[in-house]
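Asks: Sharing a sequence plus its predicted fold:
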There are 2 protein chains.
Amino acid sequence: MEVTRRNYKDSLNTVYSAIEEADFLAIDGEFSGISDGPNVSALTNGLDTPEERYTKLKKHSMDFLLFQFGLCTFKYDQTKSKYIIKPFNFYVFPKPFNRTSPDIKFICQSSSIDFLASQGFDFNKVFCNGIPYLNQEEEAQLREQTEERRNQHANGVGTPSYISPSSKGPAHVPEEHKDFINRVIEKVEALFTNSEKTLDLEPCTGFQRKLIYQTLNWKGFTWKPLKQKSKVDDEERKRREQQKLEREQEELNDAVGFSRVIHAISKSGKLVVGHNMLLDVMHTIHQFYCPLPEMGVGLFFFFFFLMFQEMITNTSLAELEKQLKEGPFKSPQVETAEGFHSYDTAQEQLHEAGYDAYITGLCFVSMANYLGSFLTPPKAYISARSKLVEPFFNKLFLMRIIDIPYLNITGPDLQPKRDHVLYVTFPKEWKTSDLYQLFSAFGNIQVSWIDDTSAFVSLSQTDQVQIAMNTSRYAESYRIQTYAEYIQGKQQDKEKLGQTAKTWGDDGWVKSHYTSSTTSGSFGYPRYNCTNMHCAFNIL
Amino acid sequence: MEVTRRNYKDSLNTVYSAIEEADFLAIDGEFSGISDGPNVSALTNGLDTPEERYTKLKKHSMDFLLFQFGLCTFKYDQTKSKYIIKPFNFYVFPKPFNRTSPDIKFICQSSSIDFLASQGFDFNKVFCNGIPYLNQEEEAQLREQTEERRNQHANGVGTPSYISPSSKGPAHVPEEHKDFINRVIEKVEALFTNSEKTLDLEPCTGFQRKLIYQTLNWKGFTWKPLKQKSKVDDEERKRREQQKLEREQEELNDAVGFSRVIHAISKSGKLVVGHNMLLDVMHTIHQFYCPLPEMGVGLFFFFFFLMFQEMITNTSLAELEKQLKEGPFKSPQVETAEGFHSYDTAQEQLHEAGYDAYITGLCFVSMANYLGSFLTPPKAYISARSKLVEPFFNKLFLMRIIDIPYLNITGPDLQPKRDHVLYVTFPKEWKTSDLYQLFSAFGNIQVSWIDDTSAFVSLSQTDQVQIAMNTSRYAESYRIQTYAEYIQGKQQDKEKLGQTAKTWGDDGWVKSHYTSSTTSGSFGYPRYNCTNMHCAFNIL
């Protein structure tokens, strides 16, 4: 189901109930770009630590816009022995709510836009009909403003700020507005001298309104007296106020817009699965919740990670879907719920977020069911709530990192040995071939670029490191450090900057800035209170 | 005529000849946003100096994208006594030329995007079919790269950089590629043992190509021997090289893309008119030429400024067009050239750049002809080349500045007296009403906000300034300076920063960093050599 600003309100209950009844949810996002600084190979260096990767993405990816959000809900039907799915494809755009609301600026990256364009992405739908949204802070501000305005109105202190308190004389009314202003003033005066109960004003421009206020002000009418003199009876007034309150509430909800879907996912506590979903998770939090926390403070997404690394050689979603149709995996049986658009995996619609979410869910089902084949007796269907999939929760796949497969949200990250890795700095003219040349004596090496003048070089054997260090001692154009020295240097730089290192709790877990109450929820997942969007999943 | 990537090459000659035959050109641009920092009222403060305004726009507006460029050419037909017009509406997008070309990032501002969306702007056309472009530096780089590659090829030093010079053993060929690689190697070997003249290779992936290179390398083939052993005869080789050269040239021209239209406008030396065109001019230079210069170094656009300020109360293009249809102005007679889309001013298509350029041109004709009514005897038609319009050249309208109507590109800017203006700083909680309150003793005042904690306050009489200064002496929450003190302070800050002030030449004109040769061209306009895009025009 395609959801835009036009049908958003009518679709909301359908979305809510799909989430509520689901066994698990699959999500996917499309963005206006990836990196506003380093190129992709520097952004995703093969020897990043999880903290480095997260920090780089936080710094260089968050000013792009998540403008399409795919959600596919999966509900297992016991009698049919298949999943019933409901795919949603949301178009999202931060249309300013009113004149005082934040005017969001976002970056577009030509290559990403060009890629989406080549896939038939509909930008007009995003920009013309995208659903608006607010993060928690913006929502709170808006609610506060509305509250304030209501109180001011109730207390009769509604003098518009643009009336000069020094306006001692009559307002200067330009010739062309004189008739109109005089008509209005007569009507207002009639309100107090005749038996008129209400005052119907013709529509007017801001400038005319200003002239009315100024003229009335000069004639001794102020908002307080106006209110006191009002003849509208109490009951009618209350009814109107109630109506106004409801209208305001509705407008507020409209402004919160798509964030309400994210809140619903979060509140549901359902398992959320995604494909290479670190960026999706970060954008979702940043755009619809709150500024991203520092690394290691509890990313408050629960998360699932499957490690069929040796069986799956290509992690692109299209390839993954193909591989999971073949043995030892089995294509899962699914049926699209009535009234929903039925995707055809033979006709690929990749890079539409709704379709990608759907495929991601299919992959999850294949993988989960595969786990069941190891049971005695084997089971063909493994629920998303099964203990079998639990070990994979809360681990976000780190794309292109050689030796740390995932970022662990609820525990310490893996600390692989990098004894065979050298940190090399050199003139910016150097190319990969120069590094191969430099290390030609050491056989096979692996180069991971950091920036124009530095790279990690992985040697095939650890005992070569000392030789390389020795031979480089008198080199002038380049400089070599061991990985340990490099990390130590970085740590020292950080301490100089007054930043503190990660602190570990007694239980060996990263201490969260959020209050965490562990082992709540039906499956004993730790919860974080910023949002409890519950579980996430990441393939490879 | 709508011009996108699809019909760009076929339309280019039509565009060139329209420019060449025109009496004057009208332009207009649509952007992805206006300000990435201050809000519009701070960006266009009513008491900006021309330098401040320019510097602010340079800092806060140039990261947006000019994505639609309107050009309307006007050619006067003596026999018909009317202008023949050719309107063009170009969609522009920085599609990356290849993998190594710059991956442009640009900002979008939600309010601007939302506004364009409400006007029916087609974003898909921009992003899917926008014409690419390069600025002069990017073009030079690309030409250099191509030249280098050609020379390398000619000298036979084309060893791909990803071949490790240390590959002493045979390349490791994965099982699935072995058949393919063996087939290729056999063919290459056949080239030297049999009578084969050419070598047709099947299409292959980059990885397969690497395997081929590595295997051939190990077998003792290198690119130099390969070349020497080539049996393709000289004539055939020359013909192919010529073809390749032409193909490369064409690809280069395709990459320069829309910038070629701007070059043509520039080279033509025609009068270019625009409406509130400071931003259009700045974006055009920045996007299609070169980084914007510091203020006062010759903006190298010639420019036209009409000062019917007292007769025209609203400068929005729609209003302007209406007013210029009424007396004392006259609607100009125009005819759309055959084969071009005929705009209907009754059915407004405002904010399509081509239409806006068309309307701008109409306004210019009305205004120029109006100047003719003052001649004795009066003249109904005034050419764009008339001496009558010359005084308005090279002056860019400064929107919302109270007392400096234009930025003068080729001479010193106007220096209005601002003796009645105060510079006031205060706590950030203050609102306009607080300022009115503060100055309530002084009658009518005008407030121009600078930022959250400062504003200019214009008093109605200069002799009130001293009184205001005296009464503020002991104030704690706010601080008042005269305008002269404020400017002096800014100047000192600037000098501290090591920036030098504008320098004036002997003739009282701003010294240009560009070589300027005055009084060249047919109408004695000074020219600047960066580009001589010739004349511009700005209404009000």
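Replies: Sure thing, it's come through. Numbers count the residues shown, from 1 in each chain, chains lettered A, B, ... in the order given.
Asks: in what helix or strand does A:R473 lie?
Replies: Using DSSP states H and E, A:R473 sits within no helix or strand.
Asks: now A:T100, nearest residue through space, not along the chain?
Replies: Spatial nearest neighbour of A:T100, excluding adjacent residues (C-beta to C-beta, 6 or more residues apart in numbering or on different chains): A:Q145 at 7.6 Å. Where you see a C-beta, it was placed from the backbone N, CA and C, and this is true even at glycine.
Asks: In terms of helices and strands, where is that neighbour?
Replies: Secondary structure (DSSP H and E) places A:Q145 in helix A:136-155.
Asks: What residues sit buried inside that helix?
Replies: Judged by neighbour count using 16 or more other C-beta atoms under 10 Å in any protein chain shown, the buried positions of helix A:136-155 are A:Q136, A:E138, A:E139, A:L142, A:R143, A:T146.
Asks: so A:S477 touches A:E429, yeah?
Replies: No: using C-beta atoms under 8 Å, A:S477 makes no contact with A:E429, being 9.7 Å away.
Asks: Pick out the residue in the stretch 351-500 of chain A sitting closest to chain B.
Replies: A:S440 (3.6 Å; C-beta to the nearest C-beta).
Asks: That residue and A:D434: what is the separation?
Replies: Per C-beta to C-beta, to the nearest Å, A:S440 is found 11 Å from A:D434.
Asks: With neighbour numbers in mind, choose between these two.
Replies: Neighbour totals were compared for A:S440 and A:D434, and A:D434 leads with 17 against 14 (other C-beta atoms under 10 Å in any protein chain shown).
Asks: Any chance of the backbone angles for that one?
Replies: Per-residue torsions, A:D434: phi -70, psi -40 (degrees, to the nearest 10).
Asks: Find the nearest non-adjacent residue to it, please.
Replies: Per C-beta to C-beta, 6+ apart, closest to A:D434 is A:F426, 7.3 Å.
Asks: and the gap between the one you found and A:S41?
Replies: 17 Å.
Asks: Looking only at neighbour counts, state which of these two leads.
Replies: A:F426 (19 against 12).
Asks: Might one say that that one is in contact with A:T453?
Replies: Yes: counting by C-beta under 8 Å, A:T453 is a contact partner of A:F426 at 6.1 Å.
Asks: In chain A, where is pLDDT below threshold?
Replies: A:153-172, A:194-197, A:206, A:218, A:220-232, A:295-315, A:346-350, A:394-411, A:413-414, A:497-540 (pLDDT under 70).
Asks: For chain A, which helix extends over the most residues?
Replies: In chain A, assigned by DSSP state H, the helix with the most residues is helix A:234-256.
Asks: Show me which residues of it are buried.
Replies: Under the neighbour-count criterion of 16+ other C-beta under 10 Å, helix A:234-256 has A:L252, A:A255, A:V256 buried.
Asks: And for the second one, nearest residue in space, chain neighbours not counted?
Replies: Leaving aside its sequence neighbours, A:A255 sits nearest to A:F97 (C-beta to C-beta, 6+ apart; 4.3 Å).
Asks: Just give the number of residues close to that neighbour.
Replies: A:F97 has 18 nearby residues by other C-beta under 10 Å.
Asks: Not counting stretch A:460-480 itself, show me its contacts.
Replies: A:419-420, A:422-427, A:430, A:438-439, A:442-445, A:459, A:482 (C-beta atoms under 8 Å, 6 or more residues apart in numbering or on different chains).
Asks: first vs last residue of it, how far apart are they?
Replies: 16 Å (C-alpha to C-alpha, to the nearest Å).
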